[in-house]
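1. only geometry, no sequence info:
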């Protein structure tokens with residue numbers, strides 16, 4: 001059994017490399033998004049967002065949660081890996097064929113003729129994903145986070161170069177399609193070069209059943225979570241149109257990029273480390289609260305600041321013709337800030353071997369989200385954005401309740417881990433909005449954004465230090481390590 005010092009060293013190294021890969025990839029994605037948004041306009045992004053709904057849904061059938069089952073399982077044999085690999089690759093080929101066949105029907109459902117060819121070309125991505133699911137899980141299990149970081153960066157760079165080149169050559173929506181395919185191809189090459197494991201021509205149904213006990217719960221959870229996470233874009237595409245979806249999807253993508261930079265590295269490393277503490281519920285509870293506090297300290301000010309500066313961010317990043325995007329960006333950013341209160345919950349449940357509870361959570365959340373967002377479509381993308389914000393409160397409350405009822409974490413202790421960051425953010429929001437209003441809409445947009453960020457950081461840091469010195473030290477250490485890295 002690893003001692004705490006070794007585990008801590010692995011956690012620090014894992015977070016550093018995973019954070020580096022995530023930050024580099026997402027910064028590149030951010031730059032590319034800004035360039036392509038100005039070059040292509042909302043309609044192209046709306047069409048690709050519609051294709052993304054289909055691709056995301058079927059990707060869950062491809063992996064079936066086997067990657068997470070491999071990471072989580074204590075006793076792993078070669079036939080577990082071989083069986084999982086051949087199943088995911090076979091599913092990739094089958095799903096690609098289904099996509100090519102059904103693409104015309106999906107196109108008619110959304111009343112978007114260009115979607116037909118886009119889906120058929122993107123079907124290749126299913127085969128590429130089938131090739132890397134097991135390999136990526138093995139690297140995560142072996143804590144080879146440096147190689148995983150390289151995968152993300154190289155894939156993003158290759159896809160970005162291809163996408164920007166085709167955009168400037170006037171290929172429109174195909175620039176976005178090519179970007180996705182080149183990124184997936186580069187990731188597949190890097191993953192196979194980084195991993196020493198190679199599949200054998202063996203398939204064991206009994207070994208697959210061992211993994212399915214865990215993975216089927218993850219798979220079911222992913223399908224239900226799809227309804228919660230993607231239903232907004234699906235209903236916008238069906239009832240409002242691809243052009244409006246372009247405004248909404250880019251706002252959502254921008255918020256999700258920031259979430260990926262801060263959440264994904266910690267979640268990737270935390271899953272493996274908490275999985276090693278399954279038999280020590282007290283230590284797991286302590287770790288859950290510490291990680292949640294760290295994530296709240298990081299996430300809440302970022303998303304509250306983004307929401308407060310939404311008009312300025314949209315003008316700087318996307319350009320004047322994207323002004324409508326400021327409304328969904330504001331509400332979706334506030335939604336991310338609310339969800340940050342339960343940031344560690346999913347990872348903790350997975351590490352504890354309780355994926356069925358995560359399924360229950362998303363089922364409850366989706367049951368409320370679907371009708372509320374459908375109602376919101378009556379008021380366009382602004383109505384959908386407000387519905388998403390309302391849904392985030394239920395999502396967070398249910399997740400916290402489930403986590404506290406199934407672990408040694410008390411509700412009071414968990415809420416206290418969020419209190420100081422939330423308290424500080426309320427006053428930060430007021431100070432940022434007051435600053436931009438004082439400067440006025442006619443002032444320089446960079447002056448408004450810079451002043452808002454500066455005042456917001458000062459207010460947040462001051463109140464955080466006064467209300468919870470430990471949380472302040474956590475925030476300071478994270479910032480210093482990020483700068484040093």
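-> Right, received. Where do you want to start? These numbers come from a predicted model, not from an experiment. Numbers count the residues shown, from 1 in each chain.

2. just say helix, strand or coil for the residue nearest to residue 410 when sequence neighbours are not counted.
-> Using CB to CB, 6 or more residues apart in numbering and skipping the chain neighbours, the partner closest in space to residue 410 is residue 404 (6.6 Å). Every C-beta, even on glycine, is put in place using the N, C-alpha and C of the backbone. The local conformation at residue 404, judged by DSSP: H, G, I helix; E, B strand; the rest coil, is helix.

3. per-residue pLDDT, residue 404?
-> The model reports residue 404 with a pLDDT of 88.

4. against residue 420, how distant is it?
-> 19 Å (CB to CB, to the nearest Å).

5. between those two, which one's more packed in?
-> Between residue 404 and residue 420, counted using other CB atoms under 10 Å, residue 420 has the larger neighbour count: 24 against 19.

6. doesn't residue 465 make contact with the more buried one?
-> No. If you go by CB atoms under 8 Å, residue 420 and residue 465 don't touch, sitting 9.4 Å apart.

7. look up how far residue 245 lies from the residue minimising distance to the centre of the chain.
-> Centroid check for the chain by CA atoms, centre = their mean gives residue 260 as the closest residue, at 4.9 Å. Separation of residue 260 from residue 245 (CB to CB) stands at 21 Å.

8. what about the stretch 301-450 of the chain, any weak spots by pLDDT?
-> 353, 355 (pLDDT under 70).

9. go again using 90 as the cut-off
-> The model of the stretch 301-450 of the chain has pLDDT under 90 over residues 320-321, 342-367, 395, 399, 402-409, 441.

10. one more: the stretch 101-250 of the chain?
-> 129-130, 132-154, 156, 193-229.

11. can you get me the start-to-end distance on stretch 191-203?
-> In stretch 191-203, first residue to last residue: 22 Å (CA to CA, to the nearest Å).

12. is it true that residue 292 touches residue 344?
-> Yes. Residue 292 is within contact range of residue 344, at 4.3 Å (criterion: CB under 8 Å).

13. can you tell me how far residue 100 sits from residue 57?
-> Taken as CB to CB, the span from residue 100 to residue 57 is 16 Å.

14. repeat that for residue 167.
-> 27 Å.

15. ok, which stretches of the stretch 301-450 of the chain are strands?
-> Counting by DSSP state E, counting those that start in this stretch, the stretch 301-450 of the chain has no strands to list.

16. quick one, what contacts the residue nearest to residue 410?
-> Taking CB atoms under 8 Å, 6 or more residues apart in numbering, we find residue 404 in contact with 410, 411, 414.

17. most neighbours out of the residues you listed, which is it?
-> residue 414 (23 neighbours).

18. how much space between the residue nearest to it when sequence neighbours are not counted and residue 413?
-> Leaving aside its chain neighbours, residue 414 sits nearest to residue 404 (5.7 Å; criterion: CB to CB, 6+ apart). According to CB to CB, residue 404 and residue 413 sit 9 Å apart.

19. ok, now residue 38?
-> Per CB to CB, residue 38 is found 47 Å from residue 413.

20. equivalent analysis for residue 477, please.
-> For residue 477, the distance to residue 413 - CB to CB - is 21 Å.

21. all helices for the stretch 1-150 of the chain, in order.
-> Taking DSSP state H, counting those that start in this stretch as the test, the helices found in the stretch 1-150 of the chain are 4-40, 42-63, 66-72, 78-109, 115-122, 124-141, 145-168.

22. wait, the stretch 251-400 of the chain
-> Under DSSP H, counting those that start in this stretch, the stretch 251-400 of the chain gives helices at 281-308, 310-317, 326-339, 345-351, 355-376, 380-406.

23. what does the average pLDDT come to for stretch 460-475?
-> 84.

24. buried sites along it?
-> Within stretch 460-475, the residues scored as buried using 16 or more other CB atoms under 10 Å are 460, 461, 463, 464, 465, 468, 471, 472, 474, 475.

25. and for stretch 54-73?
-> 54-55, 57-73.

26. check stretch 346-353 too.
-> 346, 347, 348, 349, 350, 351, 352.

27. can the residues you listed go into JSON lines with extra columns for distance to residue 371?
-> Conversion of those to JSON lines gives the following (distance: CB to CB, whole Å):
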{"residue": "346", "distance to residue 371": "24"}
{"residue": "347", "distance to residue 371": "29"}
{"residue": "348", "distance to residue 371": "29"}
{"residue": "349", "distance to residue 371": "26"}
{"residue": "350", "distance to residue 371": "28"}
{"residue": "351", "distance to residue 371": "33"}
{"residue": "352", "distance to residue 371": "31"}
